[in-house]
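Peer 1: What would the 3D arrangement of this be:
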Amino acid sequence: MQKTAAQAAVIALLAHGAVQAAPLATASSPDGSITVNVELDGDGRANYSISRKGKLLIAPSKLGFILTDSYDMVRGFKFESAENKPTVDEKWEQPWGERRFVRNHYNDLIVRFRQPTYLKRAMNVRFRIFDNGVGFRYEIPEQENLKTMNIADEMTEFSIASPGTAWWITGGEWNRYEQIYQKTPIDAVSTAHTPITMRLDDGTHLSFHEAALVDYSAFWFKRGEKQTFRTTLSPSSKGPRVTRETPFATPWRAIRIGDSAASLVENDLELNLNEPNKLGDVSWFKPQKYVGIWWGMISGKWSWAEGPNHGATTARTKEHIDFAAKHGFGGVLVEGWNKGWNGEWFGHGDEFSFTEAVPDFDLEEVTDYARKKGVKLIGHHETGGNIAVYEAQLEDAMKLYGELGVDIVKTGYVADAGGIIAPGDNPGEVRKEWHDGQRQVQHHLKVVETAAKYKVAVNPHEPVKDTGLRRTYPNWVAREGARGMEYNAWGQFANGPEHEPTLVYTRMLSGPMDFTPGVLSLTSPTGNALASTRAKQLGLYLAIYSPIQMAADFIENLAKYPKELDFISKVPADWAESKLIAGAVGEYAIFARKDRNSANWYTGGVNDATARTVDLDLDFLEPGKSYRATIYKDALDATYLTEARHNIAYEAKTVKAGDKLQVWLAPGGGFAARLEPVK
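Peer 2: Coordinates of the predicted model:
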């Protein structure tokens with residue numbers, strides 16, 4: 001007899017020794033491959049489990065909350081009801097992104113519990129089951145005995161049923177998300193930030209993250225016994241890690257599931273778990289490339305502070321505007337233009353003004369000059385982690401940028417973890433908060449909503465992690481949230497060759513990153529060599545997605561490499577389609593992406609320290625058409641380990657769908673290619 005997916009899932013649970021009876025509620029993905037079961041154990045603790053293709057993936061895992069001021073919402077639950085909603089199958093359009101259209105296809109299950117002994121409190125859990133993942137969240141209804149919910153911690157568990165390998169960074173460390181990823185067995189993970197990526201021994205790929213993080217603390221992925229993890233919420237200075245009035249819904253807990261690395265990358269789970277666009281028309285934001293007065297400060301050649309080495313002068317900015325206009329860049333980032341940089345600003349930010357320029361920088365003159373050249377200034381608001389000072393000036397600062405036509409701002413929160421300075425409840429009082437706690441989550445959304453009023457897009461550095469909110473607020477165009485190019489200016493902290501091909505399958509699963517590629521000189525001004533070939537610097541524009549992409553090197557260095565500069569100036573920052581056509585977690589990643597505004601395709605990516613030859617299938621091209629491929633690749637002697645990192649080869653050839661493109665990737669290498677239809 002043919003078993004249903006639900007029956008097979010129950011059999012898998014029984015084989016695992018997890019349950020002795022049928023689940024209280026169950027639902028499967030539209031294709032039937034993934035099944036969620038919900039149950040209560042003998043102590044009245046709510047549990048869920050997930051099976052895939054009849055095999056247990058997430059063993060029964062607890063649900064609930066610890067409260068600071070009342071009985072915990074963990075035990076003593078009774079099942080009230082369950083409701084399976086009709087299948088949703090819709091397509092929605094991104095105003096910008098990795099792909100233009102996104103399919104949202106899932107089955108929905110809501111399960112209602114009540115604690116009759118403990119104040120008769122109610123807790124609902126909603127599951128959305130997709131063919132490539134599961135999202136679930138708590139929905140706490142309005143109720144007499146729980147008007148305010150003070151959450152000490154969340155008890156959501158993820159009990160991974162099979163062994164495997166994990167790629168992760170530590171949660172709650174002083175340097176936030178800016179760490180090198182570790183590769184360990186799953187049961188060697190301690191406390192991790194999300195997304196955390198896993199590959200089980202049977203080849204199943206998983207990513208654990210969250211979606212729609214609004215007015216709530218981000219969670220860290222904390223291991224208990226063996227391979228059972230739970231959410232632990234980022235702390236708050238006020239005691240409860242989260243305080244919410246009922247009714248409310250938590251962020252979604254999201255699990256991407258697939259057979260391959262590509263099934264994680266080509267997966268829109270978190271976007272689909274977010275609400276649709278609330279801002280309406282955002283066509284005023286144009287995806288673009290930019291240059292900037294930045295690499296000089298990062299490397300120490302120039303200073304943010306005023307003085308003889310001050311980077312952000314009117315004259316230097318005009319030089320960058322001229323370069324941008326000549327080479328087709330849309331923007332020029334200027335850091336250090338405003339007052340407040342002269343003192344000890346790291347982790348303080350007391351003196352920053354976000355409307356007053358320093359004497360050697362004329363904000364109005366610069367923006368007028370840029371406008372005449374068809375270029376826009378990219379604004380900068382560094383807070384030093386002091387959101388008390390920033391929020392007091394936020395409205396005026398965004399209004400000023402709106403009036404001057406500065407339609408993108410890079411914000412910054414440079415402070416050690418736990419070092420955010422937030423306004424207190426009383427005048428003059430301040431509190432210290434975490435970068436990903438509830439208060440900072442509230443702050444980031446306030447910045448985004450205020451910026452949207454003045455048609456300004458936001459790109460925060462030292463941010464809270466991306467959770468797909470760009471769907472709801474499409475002016476939230478990028479974030480940092482990982483070790484970017486700047487670490488390559490600091491020799492002892494430089495990123496290794498495996499860093500970028502790990503980011504693709506970890507950090508990049510959460511959303512766009514302002515990585516700032518394009519250091520074509522492969523050397524910082526202090527003489528630190530990058531663990532990269534020149535071809536890899538071009539491959540980064542395909543591997544690390546953002547709708548704003550920097551060419552980070554000094555403009556005089558960029559000009560020394562006209563062929564590479566030509567590629568950077570032409571590669572889009574907005575795509576109609578994106579496919580991972582070859583790759584493995586932490587090893588290499590090769591993409592094919594189609595320009596949203598032409599018939600051109602681009603392909604390319606990045607490699608770790610192991611040389612490899614890849615045969616790329618070009619079936620993504622339109623059948624019956626020939627394409628002129630302009631290829632930038634590692635020379636046969638290239639390696640990141642020696643001066644041969646500079647060696648690059650160029651090739652032009654005609655290709656078509658069905659062809660194979662063989663590419664050799666050097667240690668620390670990469671490649672990029674532009675494929676234009678032959679007319």
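Peer 1: For stretch 184-201, what is the distance to the chain centroid?
Peer 2: 17 Å (Cα atoms, centre = their mean, to the nearest Å).
Peer 1: tell me the domain ranges of the chain?
Peer 2: 5-272, 288-481, 483-514+569-679 (automatic domain parsing).
Peer 1: now the ones you listed as JSON lines including distance to residue 556, mean neighbour count and mean pLDDT?
Peer 2: (C-beta placed from N, C-alpha, C; glycine too.) Putting the domains of the chain into JSON lines (distance: least, Cβ to Cβ, whole Å; neighbours: other Cβ atoms under 10 Å; pLDDT from 0 to 100) gives the following:
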{"stretch": "domain 5-272", "distance to residue 556": "28", "mean neighbour count": "19", "mean pLDDT": "94"}
{"stretch": "domain 288-481", "distance to residue 556": "9", "mean neighbour count": "20", "mean pLDDT": "97"}
{"stretch": "domain 483-514+569-679", "distance to residue 556": "16", "mean neighbour count": "20", "mean pLDDT": "97"}
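Peer 1: As TSV, those domains with distance to residue 536 would be great.
Peer 2: TSV is the format used below for the domains of the chain (distance: least, Cβ to Cβ, whole Å):
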stretch	distance to residue 536
domain 5-272	17
domain 288-481	17
domain 483-514+569-679	3
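Peer 1: closest to residue 555 out of those domains?
Peer 2: domain 288-481 (4.5 Å; Cβ to Cβ).
Peer 1: And the domains of the chain: which comes nearest residue 537?
Peer 2: domain 483-514+569-679 (7.7 Å).
Peer 1: After the longest helix belonging to the chain, which helix or strand is next?
Peer 2: Ranked by number of residues, the top helix in the chain under DSSP state H is helix 387-404. Next helix or strand after helix 387-404 toward the C-terminus (DSSP states H and E): strand 408-412.
Peer 1: Quick one: distance of the longest helix of the chain to the chain centre.
Peer 2: Per Cα atoms, centre = their mean, the centroid offset for helix 387-404 relative to its chain is 25 Å.
Peer 1: Check which helices and strands it is in contact with.
Peer 2: helix 363-372, strand 376-382, strand 420-423, helix 438-453 (3 or more Cβ pairs under 8 Å, 6 or more residues apart in numbering; DSSP states H and E).
Peer 1: Determine the next helix or strand in the C-terminal direction from the last one.
Peer 2: It refers to helix 438-453. strand 457-460.
Peer 1: would you list every one of the helices in this structure?
Peer 2: In the chain, the helices defined using DSSP H lie at 5-15, 261-265, 269-272, 295-298, 314-327, 363-372, 387-404, 438-453, 499-503, 534-543, 555-559, 562-570.
Peer 1: wait, what's in contact with residue 284?
Peer 2: 407, 455 (Cβ atoms under 8 Å, 6 or more residues apart in numbering).
Peer 1: residue contacts, residue 438?
Peer 2: Going by Cβ under 8 Å, 6+ apart, residue 438 touches 215-217, 234, 236, 241-243.
Peer 1: and which of those residues is nearest to residue 165?
Peer 2: Among the contacts of residue 438, residue 234 lies closest to residue 165 (Cβ to Cβ), at 26.1 Å.
Peer 1: Quick check: the gap between residue 130 and residue 88.
Peer 2: In this view, residue 130 and residue 88 are 10 Å apart by Cβ to Cβ, to the nearest Å.
Peer 1: can you check residue 516 too?
Peer 2: Distance from residue 516 to residue 88, by Cβ to Cβ: 38 Å.
Peer 1: From what I see, residue 25 and residue 112 are in contact.
Peer 2: No. Using Cβ atoms under 8 Å as the test, residue 25 is too far from residue 112 to be in contact (9.4 Å).
Peer 1: Beta-bridge partners for the nearest residue to residue 158 once chain neighbours are set aside, please?
Peer 2: For residue 158, ignoring the flanking residues on the chain, the nearest one in space by Cβ to Cβ, 6 or more residues apart in numbering is residue 229 at 4.7 Å. Here residue 229 sits in beta bridges with residue 158, residue 223, as judged by DSSP bridges.
Peer 1: No further queries at this time; thank you.
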